[in-house]
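Peer 1: Need coordinates for the below:
(one chain, ligands or ions: 3)
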Amino acid sequence: MKARAAVAWEANKPLSIEEIDVQGPKEGEVLVRMVATGVCHTDAYTLSGMDPEGRFPAILGHEGGGIVEAVGKGVTSVTVGDHVIPLYTAECRQCKFCLSGKTNLCSAVRATQGIGVMPDGSSRFSLNGKPIYHYMGTSTFSEYTVLPEIALARISKAAPLDKVCLLGCGITTGIGAVHNTAKVEPGATVAVFGLGAIGLSAIQGAVMAKAGRIIAVDINPSRFELARQLGATDCINPQEHSLPIQEVLIDMTDGGVDYSFECIGNVEVMRQALECCHKGWGESIIIGVAGAGQEISTRPFQLVTGRVWRGSAFGGVKGRTELPNYVERYMSGQINIDDFVSHNLPLEQINTAFDLLHQGNGIRTVIHF
Ligand code: NAD
Ligand code: DAO
Ligand code: ZN
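Peer 2: Ligands and ions are numbered 1, 2, ... in the order given. Predicted structure coming up:
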């Protein structure tokens, strides 16, 4: 079938709207009609050429909401007409990772997903016979996309797809990192570095966890209003302080925070986020994705004296099992998504969404098909 899609022909070039060919779903696969998709910092990162897994030409996008159009042989967990959120972290429920009870990472389709193809090694996208790679196993910047059945969360049909698409990445990641990775407890002091969709969602997660103090840190002060509205108790711009930000935070919190979250992808900030943690027990969670080849550093004594460094992918959330409940929590007013949608644009204007992201203008643009 034909589909309108935004194709990334090469790194650092605007996406190009094309009418591509999409092959139907093979065994275990599902064809999804996308209704809406967010544009995340990670899409921009891959388009910049800094992502070691980035292959071109590709159809980017991983924060989508859509409707099942057709299913391949053997598919049992979704049916035509179901509303779904694509998962870049699949959940097969059978692999060593899924069965471990220790992680949401799943190995079932990981190897092929990482090189931009479906589990059988081929792509379902092409133009004039030339294959176009998948991206993160999701490729939500296409009107029609194909995913393995195990990479789809089936959600309530009552939920607006142009809002809950953001649960496909940013909002779930921030909330999940607080609950599943850090396990923030009531009364805890929390610092969140970077107030994009991820950091602002970590703030809402910290409020849900009943954190006592939530310190929001960003160099873009236009982010502070929403941070406060979501529950930040303090907002700090490191550029307004002469001392290193970790020292400022330690002074403010009688020795450091209980939990910090790095939601930027900056290795210098990762160090600040670790070092502002309280001696003996403070934990820092890395969520941001740093450029290829970059490394983190600190004095080992920071760890010897009890600070802990962790990382979190998709907030530790098992998508097929847990995402439907995130959708329900949005529907019942417990999760804020609406305030994160700063712009709505048609697919044809997707490059404007990348411009807005680079300008730090708004939180999330939602693309409508
Ligand atoms: P974003 O660009 O919308 O937000 C980043 C924020 O960081 C901005 O407000 C910016 O002003 C601020 N910032 C930049 N430099 C700073 C500094 N030195 N000190 C303080 N603040 C600074 O990005 P986003 O979409 O919220 O994504 C954040 C990061 O999370 C990205 O690296 C993205 O790739 C990553 N990510 C990770 C996962 C995961 O599962 N681990 C999932 C989604 C996104
Ligand atoms: O299982 O080896 C693996 C990798 C899983 C990838 C998980 C994604 C981590 C965060 C990437 C940014 C998401 C938008
Ligand atoms: Zn698995």
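Peer 1: List phi and psi for the closest residue to ligand 1 within the stretch 151-300 of the chain.
Peer 2: Closest to ligand 1 within the stretch 151-300 of the chain is G196: 2.2 Å, counting by CB to the nearest ligand atom. Using the backbone N, CA and C atoms, a C-beta is placed for each residue, glycine as well. When read as degrees, to the nearest 10, the backbone of G196 gives phi -80, psi -160.
Peer 1: Around it, how many other residues sit close by?
Peer 2: 24 (other CB atoms under 10 Å).
Peer 1: do the same with E268
Peer 2: For E268, using other CB under 10 Å, the count is 12.
Peer 1: For stretch 10-21, give the mean pLDDT please.
Peer 2: Average pLDDT, stretch 10-21: 97.
Peer 1: Tell me the buried residues in it?
Peer 2: L15, I17, E18, I20, D21 (16 or more other CB atoms under 10 Å).
Peer 1: just stretch 156-171 next, same as before
Peer 2: Buried-residue list, stretch 156-171, by 16+ other CB under 10 Å: A159, L161, D162, K163, V164, C165, L166, L167, G168, C169, G170, I171.
Peer 1: Same question for stretch 38-50.
Peer 2: Applying 16+ other CB under 10 Å to stretch 38-50 flags G38, V39, C40, H41, T42, D43, A44, Y45, T46, L47, M50 as buried.
Peer 1: gap between the two ends of that stretch?
Peer 2: Using CA to CA, to the nearest Å, the end-to-end distance of stretch 38-50 comes out at 20 Å.
Peer 1: from now on call the first residue 47
Peer 2: Sounds good: first residue 47 from here, last item stretch 84-96.
Peer 1: List the neighbours of that stretch that are in contact with it.
Peer 2: 54, 57-58, 61, 97, 99-100, 104, 106-110, 181-182, 187, 211-212, 214-216, 242-244, 311, 335, 337-338, 396, 399-400, 403-404, 410-413 (CB atoms under 8 Å, 6 or more residues apart in numbering).
Peer 1: Give the full set of residues in contact with I105.
Peer 2: Taking CB under 8 Å, 6+ apart as the test, what I105 contacts is 51-54, 66, 171, 178-181, 185, 187-188, 191.
Peer 1: how about 6 Å then?
Peer 2: A51, F171, I178, S185, F187, S188 (CB atoms under 6 Å, 6 or more residues apart in numbering).
Peer 1: any idea of the pLDDT on it?
Peer 2: Value for I105, per-residue pLDDT: 98.
Peer 1: For it, give its distance to ligand 3.
Peer 2: 24 Å (CB to the ion, to the nearest Å).
Peer 1: And for that residue, nearest residue in space, chain neighbours not counted?
Peer 2: In space, and not counting its chain neighbours, I105 is closest to S185: 4.0 Å by CB to CB, 6 or more residues apart in numbering.
Peer 1: Give the burial count for that neighbour, as a bare number.
Peer 2: 31.
Peer 1: And for the one 3 residues further on?
Peer 2: Each residue near S188 was counted by other CB under 10 Å, and the total is 31.
Peer 1: Distance check, it against K209.
Peer 2: 20 Å (CB to CB, to the nearest Å).
Peer 1: what's the answer for Q318, then?
Peer 2: 33 Å.
Peer 1: Check G242 too.
Peer 2: 17 Å.
Peer 1: What score does T83 have for pLDDT?
Peer 2: Reported pLDDT for T83: 98.
Peer 1: so it sits right up against G110, yeah?
Peer 2: Yes: using CB atoms under 6 Å, T83 is in contact with G110, at 4.1 Å.
Peer 1: Check the contact lists of the two and give me the overlap.
Peer 2: T186, C211.
Peer 1: and these two? which has more neighbours close in?
Peer 2: T83 (36 against 29).
Peer 1: partner residues bridging the more buried one?
Peer 2: G110, I413 (DSSP bridges).
Peer 1: does ligand 1 sit close to stretch 90-101?
Peer 2: Yes: using CB under 6 Å from any ligand atom, stretch 90-101 comes into contact with ligand 1 via Y91.
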